[in-house]
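Engineer: Build me a structure from this.
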Amino acid sequence: MKISLAKGLPENPGIAIVAVSGCALDGVAVERGLQVLRERGFVIHNYYDHAQVYQRFGATDVQRLDQLHAAIDNPDVQIVMALRGSYGLSRLLPHIDYKKIADSKKYLVGHSDFNALQLAMLAKTDTSSFCGPMLCDDFSREDISTYTHQQFFD
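Structural biologist: The predicted model follows:
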């Protein structure tokens, strides 16, 4: 199996935040996390809207799927990062355009529930992704993990 990786990143890469699983538990923390990424030179494309929270999810299934596909379609985005894990991505798997994501050569970054998308991408397109930090908790905490941040930024 040949695994493909995206190419290098521009100086100020675009990073899309998508809520394909759970909603944010703390809106202030979301803003704090976005600011951390901005300060590191990322251009933020935040597709999460707390007003669209549906039950425990970041939005309805259709809206969450639209967030993912909009991030993939955005030519200014090089990295697609999960807002957080929890549950809900498995509900979207049958409707995801895996070829479009693979052809985009964008980095997919997250863990927890986001692993469902990552493994589906690998199985369906031989495209790899990165098990890594997510906006909520990893970048939104007041007591950040220097190690986690350094590994991601490197």
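Engineer: Against A70, how distant is E142?
Structural biologist: 30 Å (Cβ to Cβ, to the nearest Å). The C-beta positions use only the backbone N, C-alpha and C, and glycine is treated the same way.
Engineer: Could you check which of the two is surrounded by more residues?
Structural biologist: Between E142 and A70, counting by other Cβ atoms under 10 Å, A70 is the more crowded of the two (14 against 6).
Engineer: Next one: that one from Y48, what distance?
Structural biologist: Between A70 and Y48 the distance, using Cβ to Cβ, works out to 12 Å.
Engineer: first to last residue in stretch 45-61, what's the distance?
Structural biologist: 20 Å (Cα to Cα, to the nearest Å).
Engineer: Now do that stretch, average pLDDT.
Structural biologist: Mean pLDDT, computed over stretch 45-61, is 96.
Engineer: who's in contact with that stretch?
Structural biologist: Stretch 45-61 is contacted from outside by 14-24, 27, 30, 34, 63-64, 67, 70-71, 74, 76-77, 83-84, 86-88, 91-92, 95, using Cβ atoms under 8 Å, 6 or more residues apart in numbering.
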